[in-house]
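**Q** how would this look folded up:
(6 chains)
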There are 6 protein chains.
Amino acid sequence: MTRICFLNPFGTDDYDGLIAETLTPSLRPGTELEIRHLTNCPRNIDYYVPKHLVEVEILKAVVDAEREGFDAFVIGCCYDPALTQARELTDMPVVGPLEAGVLLSRLFGHRFSVVTDHRKAVPEIEDRVRVYGAEANCRSVSAIDWYVDDMIGDPPRVAREAHARCREVLERDGAECIVLGCTIIAACYEQAVLRGARELTDITIVNPNLMAVKTAELFADLRAVGQYRISRRGYYQQHAQHDAAEAASILELLIPPAPAGSGALR
Amino acid sequence: MTRICFLNPFGTDDYDGLIAETLTPSLRPGTELEIRHLTNCPRNIDYYVPKHLVEVEILKAVVDAEREGFDAFVIGCCYDPALTQARELTDMPVVGPLEAGVLLSRLFGHRFSVVTDHRKAVPEIEDRVRVYGAEANCRSVSAIDWYVDDMIGDPPRVAREAHARCREVLERDGAECIVLGCTIIAACYEQAVLRGARELTDITIVNPNLMAVKTAELFADLRAVGQYRISRRGYYQQHAQHDAAEAASILELLIPPAPAGSGALR
Amino acid sequence: MTRICFLNPFGTDDYDGLIAETLTPSLRPGTELEIRHLTNCPRNIDYYVPKHLVEVEILKAVVDAEREGFDAFVIGCCYDPALTQARELTDMPVVGPLEAGVLLSRLFGHRFSVVTDHRKAVPEIEDRVRVYGAEANCRSVSAIDWYVDDMIGDPPRVAREAHARCREVLERDGAECIVLGCTIIAACYEQAVLRGARELTDITIVNPNLMAVKTAELFADLRAVGQYRISRRGYYQQHAQHDAAEAASILELLIPPAPAGSGALR
Amino acid sequence: MTRICFLNPFGTDDYDGLIAETLTPSLRPGTELEIRHLTNCPRNIDYYVPKHLVEVEILKAVVDAEREGFDAFVIGCCYDPALTQARELTDMPVVGPLEAGVLLSRLFGHRFSVVTDHRKAVPEIEDRVRVYGAEANCRSVSAIDWYVDDMIGDPPRVAREAHARCREVLERDGAECIVLGCTIIAACYEQAVLRGARELTDITIVNPNLMAVKTAELFADLRAVGQYRISRRGYYQQHAQHDAAEAASILELLIPPAPAGSGALR
Amino acid sequence: MTRICFLNPFGTDDYDGLIAETLTPSLRPGTELEIRHLTNCPRNIDYYVPKHLVEVEILKAVVDAEREGFDAFVIGCCYDPALTQARELTDMPVVGPLEAGVLLSRLFGHRFSVVTDHRKAVPEIEDRVRVYGAEANCRSVSAIDWYVDDMIGDPPRVAREAHARCREVLERDGAECIVLGCTIIAACYEQAVLRGARELTDITIVNPNLMAVKTAELFADLRAVGQYRISRRGYYQQHAQHDAAEAASILELLIPPAPAGSGALR
Amino acid sequence: MTRICFLNPFGTDDYDGLIAETLTPSLRPGTELEIRHLTNCPRNIDYYVPKHLVEVEILKAVVDAEREGFDAFVIGCCYDPALTQARELTDMPVVGPLEAGVLLSRLFGHRFSVVTDHRKAVPEIEDRVRVYGAEANCRSVSAIDWYVDDMIGDPPRVAREAHARCREVLERDGAECIVLGCTIIAACYEQAVLRGARELTDITIVNPNLMAVKTAELFADLRAVGQYRISRRGYYQQHAQHDAAEAASILELLIPPAPAGSGALR
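**A** Below is the predicted model:
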């Protein structure tokens, strides 16, 4: 049994059902997927300041999941928020959907473009693609001008509009596949397809949620047989390699120990 | 049950055991791996001319595997020979170890270098990394100056020398992980580790064979649920989309129909 | 009078004197520089998790400084922590020393290399240089293997060792100037020079603290005459442009309003 | 006398006259140009699988030409098929029209774009331009949506449509010259110009066939005076440098010795 | 007092008033700006040949300004003509508006585009941006198809047309700010804004003249406290470092000594 | 008969014999090569200021050569001084040795490095390679620390030292060929080889003088048959396209008309 935690890094449970519905059909036998969301934090992650605060909560959720024995963790937002921080913090494989979607895109087509939600997300995604070293095959990053808050009210329309935009971008850019750059757009699109909208599959649209979950399965396997030997030389070097006491104090600052008798999970 | 064909694209069975031994422990339950090799073709692929002839045989092997119902196919050489041609030819997912190793390397470390067998291989691998759009995160491609023919005589020594070279390259380049750029080096290294040489795991060395087989599992899954929607717009456009009769005649040229009563598989 | 706040984003006042001593001589008449540090947060920022927590405090300090009427703000660490978040949050110019040092380096020499403190910092600085679009002229990022905690105990030695390393890097890389990639190394170096170590000025070493403060003066001037028309189209788009109520609630989450009668500054 | 072999790598003689007509006027005195085509192989090279099979025949043609004493060889297709393999195989200079056209384009204008035949060719040409290290000055690769099979039926129309498309691309891209990315388009265009269509010369269109033949003359000259000292360190390293017997057996596999008394050329 | 010389490198005084009017409001207290122009040389610099001749005169003007004790020098044209030569020649800081505008653009927005005067200027500016190492964040360079000679007749119209073009380019490119690539366009635009055309400030347009003058102030400050330690290792290495006599003779060739009793400044 | 002018852009005839000796053996029948040098200008071009003054004289020499009916012109210095200006000025093909050597290098090996004379030349050559769009295949630019003035005293030693340095650079860089980045080094090396030093030909060293002259032959051919249709859209746009009177006055400024009766060539 492989246990994967997929975190919707939003302070609301609004998207949990949509994600569960659209990922479950693609799990392999033996994978158990648990969808979680955050509490006590902003419901949206669109701007840098709320995103930063949300990332603090993501790190807590990662530690929780590791303590609960999950085999891999997906951060369910295409900003890949707190991805590097999380990899520093844990030996449990942590996957970001943008990174997974972008890296695997070449098996779907020669060049990719990204289509995301709104204009604010574009520069951040461009920067992440650049940091991932994948800019050379990326034609562009564009937006459909929707916010996730609004999407949840009409997923079929989001699916249609995203598909139409993807078509335009493919033609304009001479790209061959689109990596959706927003997990909620991707889920709306996938839901429509799974519910029968075959006309939306005439072009190649890569669902980053799916790429992330399948990559999580892959890395959970690697870890199980001792093959996830992540480098701890620099980027993913852990604080305790330099100063274990300091590292412990930071962890305590992040997740204060529960008072005696509180019965809390942590 | 997921059936994966791993082809050693060499005109010899010398490497089959080594590959089987080093991949089997990392398969997930439900994967059946078949190791194949070529016949009637050069035993080595190091130079461009023999490589070109070997690629003709690889394409035949891909068609055979598809006809036999394999779920995915791995071309077991880090030149990723005939990879694009094969993807044009079949809807069965085809995976190259260099491509898989390079694309997934970022989950192992910030920057990678490639260590391959001999000097002849270096420019070809540099070009492939560039074509894959992954040059930005690649520090260098280096060689250990061994030919695969010689490796099979002393795998433990190959493992030690490769490890030593990888160490040097990491230090020199400021890379964080090494993607081995030769499937036989990778198998020698993995064998040594699996047989107990833990001292070789102090640095992060990515085994491209393993990345390829796990990626093959992943894409076999995607295909099984209708999620391997490869783009046929250009790079992977199929001949029959333009001219079905011509495509059929090419296939016949590649694999002449067996004479009546021959009992051949094809 | 131009009032600039230079924040040492460390939970300690250990470095305040050093920074004050080394920047004061380069201020123009009419600039008032206030050096601040953080409290109630990690004293070190070297790893991604403590850095993330420190960045929350930086954002609070930025808001405080804006409310107190500062004309510009420098985040005194070469990770340029929270730089983008801060620019989203305020119309007061915010400057990062790495960004300032790197962008201005071309006026000092044809190609630059960065020398920072320890190995953990190297990939982060490489990524920032890449995001800043300045990779093309950057030869390398290297470290001297010191932690800031230790530097404060022996600044002259840090100055000498940094200088020696810079020399080596210049020769090895064929670079023409070094941008120091750590504000404390830079301050140690500058202190030594200001106290008479002229032998350390035989090569071109760019002090990012100085570049940051002078850039802060420049942008404070621009703002004063209405010339700091930062684009709010995407990267620096403000939350309130999309949803003013939500933005206000985020700000409240970041900086809870003081209870009545508390007399707090905020 | 300089003898150059220009091979139309198609299994048909349909294009030989067109190529001869359009190149002959630009030969220098003393150059003898022989146009050849392939037999017993696909007449089209548009898709990767037939292209691969055609490349086997190209290699045979290269060996033949060398044995017959040609001074240089042009592979007459803008995929530059089998170019690297051929250079490995022979010391006779071998030229590809895309490579020649792209490398010399800077003498015609600041930035170039490529216009090729159909969508399938675009990604391959993009990859070749990238491998040639010439991507930085290339604005785009576009197609006119013609197949060579159809072009031969109406060369003047191909010339007009190609010219119109080149105009559009120049304006859209801000390029200054177009390298045609298909030898047959180029020949149709050149034929029209040579037959008097001066209105097609208002923009700068580089004929890769012409660049290839002139480059072949240049390298034939170099070779004649011992100045074609191609590096055999890696990319063009020859099989016999590593293993002469194996190299001989590969050559025999490529070109089986003629049976005694067969009277064949080889 | 900081004395800055801003040279209009045109053989006419037509633009001096416009430049003075548009820069004066942004000077800090204590800066004295002197606007100069050239005499006895072409009035336009648009083409490479006149530009080359103008650059000879610029070098003379730089030497003059240094001898007169200016603290910094701005070459007022976005070709940044003679910039490298001037930095070789003098220790007085010399600033080019394109370089200054481009390097500082990131503080105004995520990606920039350049809008310049006419088509001839586009490739030169593209090359300069590339040489500055800033191409990665530059979306495009475009022109408005005006020559400076004509601009001076109708600055308000230039301002409006430039603004309209900048709008279009921002939308088309997904850029966030425009660096104007012509000092006269920039001055026309700034004049309109200063005279009340607030509607032109709805997008972020960076005035390179202003960036240059403020950067000149900054570097004059650095120099005054001994902090302008430009590297003399290569790019800015001075002739006298190699051969002082030869350097002196070159300077004499550039600026022949005044005959005795001539009373000339030099 | 093809008449090519090779200009040594130095104010001395010291190098003319060396250049003639080393190029003559590689000319094709029918090429007449005339070696010229400059007068009344600096004998050296190493620094930016003298180089700028030399370029004025180069432009005059280009105009002279065109008026005398030369078919092509080579500017014999690897700074490619005044190359773009010259192409703007004339329809006679003008070739720079660095450009020619770099562009053709791929036919000699997979990656190239440049070896030039002294440290001052390195950044300029790096910038030119970048502007030529050829940086992707260039490993490095290095110097041997000689000035041309000294070379002429001992060409055999220059040849040996350059060869030794090229060997080192090839090994260090993993390059496959060296483009010499100084015409005088190249001539010294070629002279040694032509006089019998076969031991210097064990590695691939590209002589840019030779590449330039052969490219000049090629473009002279193109021009003779109306095939040198250089783009005049922007980079090479001519002044007279915008303003013929102004262009004429500039030409007169560059080359003042001879006074009546002076008998001068111009």
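
**Q** touching chain C at all, the worst-scoring helix or strand of chain A on mean pLDDT?
**A** Ranked by mean pLDDT, DSSP states H and E, the helix or strand of chain A with the weakest confidence is helix A:148-151, at a mean of 90. No - using CB under 8 Å from any CB of the partner chain, helix A:148-151 never reaches chain C; the gap is at least 8.8 Å. C-beta coordinates here come from the backbone N, C-alpha and C atoms, glycine included.

**Q** List the buried residues for that helix?
**A** Across helix A:148-151, burial judged by 16 or more other CB atoms under 10 Å in any protein chain shown covers A:148-149, A:151.

**Q** again, but for stretch A:31-39
**A** Buried-residue list, stretch A:31-39, by 16+ other CB under 10 Å: A:31, A:33, A:35-38.

**Q** Just name the closest of those to chain E, please.
**A** Comparing those against chain E with CB to the nearest CB places A:Leu38 closest, at 27.6 Å.

**Q** who touches the closest one in this structure?
**A** A:7-11, A:54, A:57-58, A:61 (CB atoms under 8 Å, 6 or more residues apart in numbering or on different chains).

**Q** Could you rerun that using 10 Å?
**A** A:7-13, A:45, A:54, A:56-58, A:60-61 (CB atoms under 10 Å, 6 or more residues apart in numbering or on different chains).

**Q** Give me the phi and psi for it.
**A** phi -100, psi 160 (degrees, to the nearest 10).

**Q** do the same with A:His110
**A** phi -70, psi -40.

**Q** For it, give me its contacts.
**A** Applying CB under 10 Å, 6+ apart, the residues near A:His110 are A:137, A:174-177, B:84, B:131, B:133, B:231, B:233-236, D:122-124, D:126-127.

**Q** picking that back up, in TSV, list the buried residues of stretch A:31-39 along with secondary structure and pLDDT.
**A** As requested, the buried residues of stretch A:31-39 are exported to TSV (DSSP: H, G, I helix; E, B strand; the rest coil; pLDDT from 0 to 100):
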residue	secondary structure	pLDDT
A:Thr31	strand	98
A:Leu33	strand	98
A:Ile35	strand	98
A:Arg36	strand	98
A:His37	strand	98
A:Leu38	coil	97
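
**Q** of all the contacts of A:Leu38, which two lie farthest apart?
**A** Taking CB to CB, the two most distant members of these are A:Asp13 and A:Val56; they sit 19.3 Å apart.

**Q** Between those two, which has more neighbouring residues?
**A** Per other CB atoms under 10 Å in any protein chain shown, whichever of A:Asp13 and A:Val56 has more neighbours is A:Val56, with 18 against 14.

**Q** Test my guess that that one contacts A:Gln85.
**A** Yes - shown here, A:Val56 and A:Gln85 form a contact pair, counting by CB atoms under 10 Å, at 9.4 Å.

**Q** What is the burial count for the residue of the stretch 151-266 of chain A found nearest chain D?
**A** Across the stretch 151-266 of chain A, the shortest distance to chain D (CB to the nearest CB) belongs to A:Gly174, at 6.7 Å. Neighbour count of A:Gly174, defined by other CB under 10 Å: 20.

**Q** residue in the stretch 51-200 of chain A nearest to chain D?
**A** A:His110 (4.0 Å).

**Q** Report the separation between the residue nearest to that residue when sequence neighbours are not counted and chain F.
**A** Leaving aside its sequence neighbours, A:His110 sits nearest to B:Tyr235 (CB to CB, 6 or more residues apart in numbering or on different chains; 3.5 Å). Using CB to the nearest CB, to the nearest Å, B:Tyr235 is found at 21 Å from chain F.

**Q** A:Leu53 now?
**A** 42 Å.

**Q** what about the helix or strand hosting that residue, near chain E?
**A** Assigned by DSSP states H and E, A:Leu53 falls within helix A:48-67. No - residues of helix A:48-67 are not located near chain E by CB under 10 Å from any CB of the partner chain, the shortest gap being 12.1 Å.

**Q** Need the mean per-residue confidence for that helix.
**A** The average pLDDT within helix A:48-67 is 98.

**Q** Then stretch A:251-263?
**A** Stretch A:251-263 comes out at a mean pLDDT of 79.

**Q** ok, now stretch A:190-199?
**A** 97.

**Q** Could you tell me how far it lies from the centre of the chain?
**A** 22 Å (CA atoms, centre = their mean, to the nearest Å).

**Q** swap in stretch A:211-230?
**A** Per CA atoms, centre = their mean, the centroid offset for stretch A:211-230 relative to its chain is 15 Å.

**Q** Give me the contact status of it with chain C.
**A** No - contact of stretch A:211-230 with chain C (CB under 10 Å from any CB) is absent, the minimum separation being 13.4 Å.

**Q** Check which residues of that stretch are buried.
**A** For stretch A:211-230, by 16+ other CB under 10 Å, it's A:211-223, A:227-230.

**Q** helix, strand or coil for A:Ile45?
**A** Put simply, A:Ile45 is coil when judged by DSSP: H, G, I helix; E, B strand; the rest coil.

**Q** Double-check it against A:Asp80; I have them as touching.
**A** No - using CB under 10 Å, A:Ile45 is not in contact with A:Asp80, being 11.2 Å away.

**Q** thinking again about what came up before, which ones among the contacts of A:His110 map onto helices?
**A** Residues of the contacts of A:His110 located in helices (DSSP state H): B:84, B:131, D:122-124, D:126-127.

**Q** In CSV: these, plus pLDDT.
**A** As requested, the ones in helices among the contacts of A:His110 are exported to CSV (pLDDT from 0 to 100):
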residue, pLDDT
B:Thr84, 98
B:Val131, 98
D:Val122, 98
D:Pro123, 98
D:Glu124, 98
D:Glu126, 98
D:Asp127, 98
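
**Q** All the helices of chain A, residue numbers only.
**A** Under DSSP H, chain A gives helices at A:16-23, A:48-67, A:83-89, A:97-104, A:121-131, A:148-151, A:155-173, A:183-194, A:208-224, A:239-242, A:244-254.

**Q** Mind splitting chain A into its structural domains?
**A** Domain assignment of chain A by automatic domain parsing yields the ranges A:2-96+A:212-254, A:99-208.

**Q** Would you tell me which residues of chain A are close to chain D?
**A** A:109-111, A:136-137, A:174, A:176.

**Q** Can you tell me which of these has the most neighbours?
**A** In terms of neighbours by other CB under 10 Å, the residues of chain A next to chain D top out with A:Glu176 at 29 neighbours.

**Q** Which phi and psi values does that one adopt?
**A** phi -110, psi -20.

**Q** tell me the contacts of it?
**A** A:105-106, A:108-113, A:137, A:139, A:170, A:203-204, B:230-237, D:119, D:122-123.

**Q** and if you look at A:Gly76?
**A** By CB under 10 Å, 6+ apart, the contact set of A:Gly76 is A:5-10, A:15-16, A:19, A:23, A:35-37, A:58, A:95-97, A:183-184, A:186-187, A:208-209, A:212-213.

**Q** so which of these also contact chain B?
**A** Okay, of the contacts of A:Gly76 touching chain B (CB under 10 Å from any CB), that's A:95-96.

**Q** Just the buried ones among the contacts of A:Gly76, please.
**A** A:5-10, A:15-16, A:19, A:23, A:35-37, A:58, A:95-97, A:183-184, A:186-187, A:208-209, A:212-213.

**Q** Got phi/psi on the residue in the stretch 151-266 of chain A that chain F sits nearest to?
**A** Of all residues in the stretch 151-266 of chain A, A:Gly174 sits closest to chain F, with a separation of 20.3 Å (CB to the nearest CB). Here is the backbone geometry of A:Gly174 (degrees, to the nearest 10): phi 60, psi 30.

**Q** Adding distance to B:Val74, write the buried residues of helix A:148-151 out as CSV.
**A** Listed next are these as CSV, based on distance: CB to CB, whole Å:
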residue, distance to B:Val74
A:Val148, 38
A:Asp149, 44
A:Met151, 39
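
**Q** what residues are shared contacts of A:Val56 and A:Gln85?
**A** With CB under 10 Å, 6+ apart as the test, A:Val56 and A:Gln85 both reach C:49, C:52-53.
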